[in-house]
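In: how would this look folded up:
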Amino acid sequence: SKSAKHGTTVMDYIRQVVPDAKKIACDFSGITEKNVWKCEGMEKLLSNPPQVFTSSSYNTSDSQEHHMKKYRELRDKGCFLVHGAGNDGEDGVLNVVKNDVFKAVAAYKLFCGKPKKESFSSVGEEVDFASLDNLRATWDNKRHTGTSFSAPIFAGMVGLVQDFFISKTGRQLSYENLLQFIKDNCIDVDEKGKDAKSGYGLFILPDPNSINILKYMEIKGEDKVMSEENTNTYKTLEDVPTWGKTTVEKLVNKKAIQGDENGNLNISNDLLRTLVIHDRLGLYD
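Out: As a prediction, this is how the structure comes out:
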């Protein structure tokens, strides 16, 4: 919509990163009574929290505590909140990101093949990460600049990260583990380490095959033992760890597992985990 050029471009940028994601545009107009913010759009989000939320509001009321209370509640429900750092350069970041709720994203462009901070991108110790703007929107075939557009690109990548872990483990990363994953995959574009221009650096999605999934998952109990076992092959039933021995014994008795010509079972840890999972589901009963 040309009458909503800014919002249309934000949605277009997100769509280019995560085309299959469900995207929701929120109307945050509401009323405040006795320091309580009543907003239908926010209540809908709280009732069904998304993986990630992105905004670039310059509305000063958004930084007020009764608004921040709702944003904090959304974050505590597992939503990762992203916000443009602002376009005020050396004058500093927006008030709304001067807290622990939003992660402030600076705007960088590719200049001669290298990332360079946009001159207008706000500077301050509250800047957390950098992402790209100055990309071409498909709806109007024009380039758009501003932290309003670097933040959606960043948010889209966060959504891809969560989808990756859901596909591999069945659940999304916790807030703390997701934050660590992002930090681990940033490249320095200004001063080494965290700085006032780019924060921890430019977030780059890694090769999925290079990701150490267990590093970011909170695994407890027997599943933790199963995951942390070494990857050596278990030759005999005596070699099989306690958590999988009953399952293997059952399958040996059923002659489903017979071993090689020397009687060696040669069961890998990954195969053993699969067999135990199937046994838990009652597939071998």
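
In: doesn't His67 make contact with Ser61?
Out: Yes: with contact defined as C-beta atoms under 8 Å, Ser61 counts as touching His67 (6.3 Å). Backbone N, C-alpha and C define where each C-beta goes, glycine included.

In: more crowded one of the two?
Out: Neighbour tally, Ser61 and His67, criterion other C-beta atoms under 10 Å: the higher count belongs to His67, 21 against 13.

In: now that one: how far from Glu33?
Out: 13 Å (C-beta to C-beta, to the nearest Å).

In: repeat for Cys112
Out: Taking C-beta to C-beta as the measure, Cys112 falls 54 Å from Glu33.

In: same thing with Gln16?
Out: From Gln16 across to Glu33, the span is 40 Å (C-beta to C-beta).

In: and the closest residue to Phe120 other than its chain neighbours, what is it in contact with?
Out: Distances taken as C-beta to C-beta, 6 or more residues apart in numbering place Asn87 nearest to Phe120, at 4.5 Å, with adjacent residues excluded. Asn87 makes contacts with Ala107, Phe120, Ser121, Ser122, Gly146, Thr147, Ser148, as judged by C-beta atoms under 8 Å, 6 or more residues apart in numbering.

In: The same query, at a cut-off of 7 Å, please.
Out: Neighbour list for Asn87: Phe120, Ser121, Ser122, Gly146, Thr147 [criterion: C-beta atoms under 7 Å, 6 or more residues apart in numbering].

In: Let me know the average pLDDT across the helix ranked longest in the chain.
Out: Of all segments of type helix in the chain, defined using DSSP state H, the longest is helix 147-169. The pLDDT scores in helix 147-169 average 94.

In: Give the other helices and strands that the next helix or strand after it contacts.
Out: Using DSSP states H and E, the helix or strand that follows helix 147-169 towards the C-terminus is helix 175-184. Contact partners of helix 175-184 among helices and strands, from 3 or more C-beta pairs under 7 Å, 6 or more residues apart in numbering; DSSP states H and E: helix 213-216.

In: Run the chain-centre distance for the helix it packs on.
Out: 13 Å (C-alpha atoms, centre = their mean, to the nearest Å).

In: Tell me which residues are up against that helix.
Out: Lys168, Thr169, Leu173, Asn177, Gln180, Phe181, Ser227.

In: rerun that using 10 Å as the cut-off
Out: 161, 164-165, 168-169, 173-174, 176-178, 180-181, 184, 224, 227-228 (C-beta atoms under 10 Å, 6 or more residues apart in numbering).

In: For it, C-alpha coordinates in PDB please.
Out: What follows is helix 213-216, C-alpha atoms only, in PDB (Å, rounded to 0.1, in the frame of the first residue of the first chain):
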ATOM      1  CA  ILE A 213      22.900 -28.200  18.300                       C
ATOM      2  CA  LEU A 214      23.700 -29.600  21.800                       C
ATOM      3  CA  LYS A 215      25.500 -26.400  22.800                       C
ATOM      4  CA  TYR A 216      22.300 -24.400  22.700                       C
END
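
In: just for the chain, where's the confidence low?
Out: Low-confidence segments of the chain (pLDDT under 70): 1, 218-232.

In: Just the helices from it, written as ranges.
Out: Under DSSP H, the chain gives helices at 5-17, 40-47, 65-76, 147-169, 175-184, 213-216, 221-228, 242-253, 269-280.

In: Just the buried positions in the shortest one, please.
Out: Spelled out, that is helix 213-216. Tyr216 (16 or more other C-beta atoms under 10 Å).

In: same check, this time on the fourth one
Out: Judged by neighbour count (16+ other C-beta under 10 Å), helix 147-169 contains these buried residues: 147-159, 161-162, 164-165.

In: hmm, back to that, quick check: which of the helices of the chain is buried the most?
Out: For the helices of the chain, the largest average neighbour count (mean count of other C-beta atoms under 10 Å) is found in helix 147-169, namely a mean of 22.

In: Off-centre distance for that helix?
Out: 5 Å.

In: Could I have the CA atoms of that helix written out in PDB?
Out: Below are the C-alpha coordinates for helix 147-169, written out as PDB (Å, rounded to 0.1, in the frame of the first residue of the first chain):
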ATOM      1  CA  THR A 147      17.200   1.100  11.200                       C
ATOM      2  CA  SER A 148      13.400   0.500  10.600                       C
ATOM      3  CA  PHE A 149      14.600  -1.900   7.900                       C
ATOM      4  CA  SER A 150      17.800  -3.400   9.400                       C
ATOM      5  CA  ALA A 151      15.700  -4.600  12.400                       C
ATOM      6  CA  PRO A 152      13.200  -6.600  10.300                       C
ATOM      7  CA  ILE A 153      16.000  -8.300   8.400                       C
ATOM      8  CA  PHE A 154      17.600  -9.200  11.800                       C
ATOM      9  CA  ALA A 155      14.200 -10.400  13.100                       C
ATOM     10  CA  GLY A 156      13.600 -12.600  10.100                       C
ATOM     11  CA  MET A 157      16.900 -14.300  10.700                       C
ATOM     12  CA  VAL A 158      16.000 -14.900  14.300                       C
ATOM     13  CA  GLY A 159      12.800 -16.600  13.000                       C
ATOM     14  CA  LEU A 160      14.900 -18.900  10.800                       C
ATOM     15  CA  VAL A 161      17.100 -19.800  13.700                       C
ATOM     16  CA  GLN A 162      14.100 -20.800  15.800                       C
ATOM     17  CA  ASP A 163      12.600 -22.800  13.000                       C
ATOM     18  CA  PHE A 164      15.900 -24.600  12.500                       C
ATOM     19  CA  PHE A 165      16.100 -25.700  16.200                       C
ATOM     20  CA  ILE A 166      12.400 -26.700  16.200                       C
ATOM     21  CA  SER A 167      13.000 -28.900  13.100                       C
ATOM     22  CA  LYS A 168      16.000 -30.600  14.800                       C
ATOM     23  CA  THR A 169      14.800 -30.800  18.400                       C
END
